[in-house]
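J.: coordinates only, sequence not included:
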């Protein structure tokens, strides 16, 4: 803990305040001021310049009737749910690595898990975009070779979707009803490097004797996971869960890179953040974009508060 | 869970690890597939790729021309990004060290209030800020400059770094500070001679995280930069993706060059990456 200090001594140590000034200035100008400016400008019709017109709550009433925005919330809801399931492979891999007896192998597998981080996220996304390419793409190649394509075509025949047809390459990012599935599939097998490392750090507190005792009792590997490993990494799982939800809700880089500013064909990949970006920098409706951002902010804030109340992340 | 059936065959903690090894290697192989594809396609042309999409081509037939062209395209972007990422990382750490020292050393009047002001920013999602930030940079005449990216990088890194560093500095035994004070060391000297020598690993971890963040950023650069000669790697690749859709070999070579600085850093700091990330990320 920092030492308590008397007012008199604090006066002598006034120079210490100079230490916090640069950070405070940076944060004040580039974090607090824009936040305040967003609140202020959400009441204006404003296109980013000096001219603005006060319109009261018009921007907010416009949000209520904005179908694109509400549909984007449904899309992001689906993606959040999908991302919950996409946490499973990371947990699974962490448990597998942890159960290895050899520390050397554990270390080298960790290195391999971290390896994807050295390729910029943007590049990984672009490579996936290439995988999705209907003609050159690797994904269609794999589906053809493994016979999954044939399966998809026959399922399609059953339900008459008309999406998967024999002999026609699947247009992953071109067919409106495949946009959301593509946004979920990308990154398969969904190993998050930071997640795996954090889970492994949590698992490290389990001693060998716990496993030995479990073995004597004839506990199955899955029971071991449920009763020994999962409870111990619950803190880490919750932490990743919270970070994932906040990240997914405000993220739009993925959709922007794979689908473009309009959210792909039919706008099926439109998410709230992208719609805000779109309104500001394509339509020039900065005031409205501020209102959208504010709405999103309050939404995330409420979720965070609910989360702090019911899902405690103990440090 | 899909894999539970498979783990059933796995026995105790000792021995019989090979099914786990096979599973882990399978998962990691699929995970690393994009990078394998990037590397092997980067030395093929489109015809070569279509003829054999999966296997690497004969090393004698590798098309190095892809790299020659990719370097010309991407190198200026890489240079810009290195300038931005290095300056922003160093700047962030210097400011954060000063700030963390302020919070950790004494409980000064107002420091509780200031601390709350920093913590509040952790709750503030950046998403609402991007539009007014653009207008602010425009008013400051910083649009279309690399300075804007550096300043935003420094400001954006403050909360997290101060949070981590404050905890770290508080753990340093008070005797060390008092001894330095006896010798007449100023606060700045104490920071330099006591804090910095002890905080190598944590500074390294934070530096890696900041550098990665800067390197991966593309939304702010996309809004801020207009001149192609100022493009950072993020914006550069977005434009490249639009222009050279057909030449996959060249694009993959450009992707590889875009990753090169991170690969070099990784080779030198592998331990910091692997150990530091797991402990450092938890503290945040």
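T.: Received, thanks. This one's a predicted model, so the numbers in the text were calculated from it and none came from an experiment.
J.: Nearest to the spatial middle of the chain, which residue is it?
T.: Answering for chain A, as no chain was given. With distances taken as CA atoms, centre = their mean, chain A has residue A:248 as the residue nearest its mean C-alpha position (3.3 Å).
J.: that's the other chain; I wanted chain B
T.: With CA atoms, centre = their mean applied to chain B, the nearest residue to centre is residue B:212, 0.8 Å.
J.: Check which element follows the helix or strand that it is a member of along the chain.
T.: Under the criterion of DSSP states H and E, residue B:212 resides in helix B:200-216. Beyond helix B:200-216 in the direction of the C-terminus, DSSP H and E gives the next helix or strand as helix B:219-224.
J.: Okay, buried residues for that following helix please.
T.: Within helix B:219-224, the residues that qualify as buried by neighbour count (16 or more other CB atoms under 10 Å in any protein chain shown) are B:219, B:220, B:221, B:222, B:223, B:224. Any C-beta I mention is one placed from the backbone N, CA and C, and that applies to glycine too.
J.: got a list of contacts for that helix?
T.: Outside of helix B:219-224, the residues within contact range by CB atoms under 8 Å, 6 or more residues apart in numbering or on different chains are A:252-253, A:256, A:277, A:281, B:130, B:133-134, B:137, B:142-145, B:148-149, B:152, B:231-232, B:234-235, B:238.
J.: Drop anything exposed from those residues.
T.: Looks like the contacts of helix B:219-224 have A:252-253, A:256, A:277, A:281, B:130, B:133-134, B:137, B:142-143, B:145, B:148-149, B:152, B:231-232, B:234-235, B:238 buried, using 16+ other CB under 10 Å.
J.: top helix in the chain by residue count?
T.: Using chain A. In chain A, ranked by residue count with DSSP state H as the criterion, the top helix is helix A:286-310.
J.: could you do chain B instead?
T.: For chain B, assigning by DSSP H, the longest helix comes out as helix B:65-105.
J.: from what I can see residue A:71 touches residue A:270, true?
T.: Yes. Between residue A:71 and residue A:270 a contact is recorded at 6.8 Å, counting by CB atoms under 8 Å.
J.: Looking at the two, which is more packed in?
T.: Legend: neighbour count by other CB atoms under 10 Å in any protein chain shown for residue A:71 and residue A:270, higher for residue A:270 (25 against 16).
J.: Can you give me the pLDDT of that one?
T.: Turning to residue A:270, the model gives it a pLDDT of 95.
J.: Nearest residue to it in space, please, no chain neighbours.
T.: Using CB to CB, 6 or more residues apart in numbering or on different chains and skipping the chain neighbours, the partner closest in space to residue A:270 is residue A:263 (3.3 Å).
J.: And the helices in the stretch 51-200 of chain B, which stretches?
T.: Along the stretch 51-200 of chain B, the stretches classed as helices by DSSP state H, counting those that start in this stretch are B:65-105, B:111-123, B:130-139, B:146-171, B:174-182, B:187-190, B:196-198, B:200-216.
J.: which stretch among those comes nearest residue A:173?
T.: Comparison of the helices of the stretch 51-200 of chain B against residue A:173 by CB to CB identifies helix B:200-216 as nearest, at 21.5 Å.
J.: For that closest one, enumerate the helices and strands it packs against.
T.: Packing partners of helix B:200-216 (3 or more CB pairs under 8 Å, 6 or more residues apart in numbering or on different chains; DSSP states H and E): helix B:65-105, helix B:146-171, helix B:248-268, helix B:277-283.
J.: So what does residue A:53 have for phi and psi?
T.: Here is the backbone geometry of residue A:53 (degrees, to the nearest 10): phi -130, psi 130.
J.: Please tell me how far it sits from residue A:42.
T.: Counting by CB to CB, to the nearest Å, the gap from residue A:53 to residue A:42 is 13 Å.
J.: These two: which has the busier surroundings?
T.: When residue A:53 is set against residue A:42 and neighbours are counted by other CB under 10 Å, the residue ahead is residue A:42, at 26 against 10.
J.: Return the residues in contact with the more buried one.
T.: The neighbours of residue A:42, taking CB under 8 Å, 6+ apart as the test, are A:59, A:60, A:287, A:290, A:291, A:293, A:294.
J.: between these, which is nearest residue B:39?
T.: Taking CB to CB as the measure, residue A:293 is the one of those closest to residue B:39, at 39.8 Å.
J.: could the helices and strands packed on helix B:200-216 go into CSV alongside mean pLDDT and distance to residue A:26?
T.: Converted to CSV, the helices and strands packed on helix B:200-216 look like this (pLDDT from 0 to 100; distance: least, CB to CB, whole Å):
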stretch, mean pLDDT, distance to residue A:26
helix B:65-105, 93, 6
helix B:146-171, 91, 4
helix B:248-268, 90, 25
helix B:277-283, 50, 22
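J.: between those helices, which one is nearest to residue A:301?
T.: Here helix B:146-171 is closest among the helices and strands packed on helix B:200-216 (CB to CB), at 16.0 Å.
J.: That closest one packs against which elements?
T.: For helix B:146-171, where contacts count as 3+ CB pairs under 8 Å, 6+ apart, the packed elements are helix A:17-27, helix B:65-105, helix B:111-123, helix B:200-216, helix B:219-224, helix B:277-283.
J.: Could you point out which of the ones you listed sits nearest residue A:47?
T.: Between residue A:47 and the helices and strands packed on helix B:146-171, the shortest gap by CB to CB is with helix B:219-224, which sits at 15.1 Å.
J.: Just checking, which helix or strand succeeds that closest one along the chain?
T.: Sequence-wise, the next helix or strand downstream of helix B:219-224 (DSSP H and E) is helix B:233-243.
J.: what is the orientation angle of that next one with helix B:146-171?
T.: For helix B:233-243 and helix B:146-171, the angle between their directions (axes from the mean of the first three to the mean of the last three CA atoms, to 10 degrees) works out to 140 degrees.
J.: just how off-centre is helix B:233-243 within its chain?
T.: Relative to the chain's own centre, helix B:233-243 is displaced by 19 Å; criterion: CA atoms, centre = their mean, to the nearest Å.
J.: same check, this time on stretch B:60-72
T.: In terms of CA atoms, centre = their mean, the centre of stretch B:60-72 is found 27 Å from the chain centre.
J.: Right, I'll call it a day here.
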